[in-house]
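> Whatever this is, show me its structure:
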Amino acid sequence: MTVAARIGPLLPARLVGGLAAAVYPRFEPELARLADFCPADCDTALDVGGWYGPWSRRLAGRARRVIAVEPVPHLARALDAATPANVRVVRAAATDRPGTARLWLPHDDRAARGDRGVSSLVRRDIHARALDVPCLPLDGLGLREEGRVDFVKIDVDGNELPVLRGAAELLDRDHPALLVELEARIQPTSPVVDLLAGHGYRGWVLPGRSWVPLDDFDLAAHQADTAHVVRRGLLRRVLPFKGPRYVNSVLFLAGGRRPGTAAVRDHGAHAR
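The predicted structure is shown next:
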């Protein structure tokens, strides 16, 4: 267990959320580059796998409305208490069907707090215990009546395909920008890339200061070469150090859009 995982449960949830929001733009530079893919007049943004809310907090300052989907009860309560008023928290796991599912937590998470942010509907070797949680597809959130969705961030530790399958109507209607955490060590990434290509999306990554097409970047090889960075833990990864960063977030844009250019809404139902 990393130092951050040991300290987190000892601190007030609001403080942990504030610290996460402060350091995450360094840990995930994509968050610091939000303007590259999230329009300034963003109507609705989804934060799927909200954790302590670093993305929800930053999105709340850019979007009219943010919906954070978080299945761990402790984290959902923390999000609800500490995020701005335009953030709505849905305590559920996003997947491709409504009902109940088993959410797996790591063996050292005895209090079922989810502080490490690695809980998932997909069990792997780090998981040892489970909670029964409500689950639903993103298409079941009733977003058609609430307005367009301009951005979706997905961090679900291996459950990406079911989440995207459960958002097929949303993807084809609004073509939101998607930031999806993909880990080749957890699941093959090609099924997600292929599914989104079928919806007209192209992937981009940010290994340095410039966005690079995913087609020109071997994500699996990069992650294998930089796997040692992951073992540093959050605190060590946000401190200055020389060496490559571990890229595990892929930006997907539809309709020929490129990151860093103004979002032109000439597609989707809202254009008509």
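> Okay, now the unreliable bits of the stretch 51-200 of the chain?
The model of the stretch 51-200 of the chain has pLDDT under 70 over residues 108-117.
> which residues of it fall in helices?
Ranges of helices within the stretch 51-200 of the chain are 54-60, 73-82, 160-165, 168-174, 190-198, based on DSSP state H, counting those that start in this stretch.
> Could you measure from G99 over to D41?
From G99 across to D41, the span is 36 Å (C-beta to C-beta, to the nearest Å). (Each C-beta comes from the backbone N, C-alpha and C, glycine too.)
> Those two - which one has more neighbours?
D41 (11 against 8; other C-beta atoms under 10 Å).
> Can you show me the CA trace of stretch 173-189 as PDB?
Extracted in PDB, the C-alpha atoms of stretch 173-189 (Å, rounded to 0.1, in the frame of the first residue of the first chain):
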ATOM      1  CA  ARG A 173     -26.600  11.700 -30.300                       C
ATOM      2  CA  ASP A 174     -24.200  14.200 -28.800                       C
ATOM      3  CA  HIS A 175     -20.700  12.900 -29.900                       C
ATOM      4  CA  PRO A 176     -19.200  14.100 -26.600                       C
ATOM      5  CA  ALA A 177     -15.400  14.300 -26.100                       C
ATOM      6  CA  LEU A 178     -14.300  11.200 -24.100                       C
ATOM      7  CA  LEU A 179     -11.400  10.800 -21.800                       C
ATOM      8  CA  VAL A 180     -11.000   7.100 -21.100                       C
ATOM      9  CA  GLU A 181      -8.400   5.500 -18.800                       C
ATOM     10  CA  LEU A 182      -7.100   2.400 -20.600                       C
ATOM     11  CA  GLU A 183      -4.600   0.000 -19.000                       C
ATOM     12  CA  ALA A 184      -3.200  -2.800 -21.200                       C
ATOM     13  CA  ARG A 185      -2.100  -4.600 -18.000                       C
ATOM     14  CA  ILE A 186      -5.800  -4.900 -17.000                       C
ATOM     15  CA  GLN A 187      -7.600  -5.400 -20.300                       C
ATOM     16  CA  PRO A 188      -6.700  -5.300 -24.000                       C
ATOM     17  CA  THR A 189      -7.300  -1.800 -25.300                       C
END
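> Include distance to D36 and mean neighbour count when you put the helices of the stretch 51-200 of the chain into CSV, please.
Shown next, in CSV, are the helices of the stretch 51-200 of the chain (distance: least, C-beta to C-beta, whole Å; neighbours: other C-beta atoms under 10 Å):
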stretch, distance to D36, mean neighbour count
helix 54-60, 13, 25
helix 73-82, 25, 19
helix 160-165, 21, 22
helix 168-174, 19, 19
helix 190-198, 18, 15
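> and the strand ranked longest in the chain, which residues are buried?
Secondary structure assigned by DSSP state E gives strand 127-136 as the longest strand of the chain. Within strand 127-136, the residues scored as buried using 16 or more other C-beta atoms under 10 Å are 127, 131, 133, 135-136.
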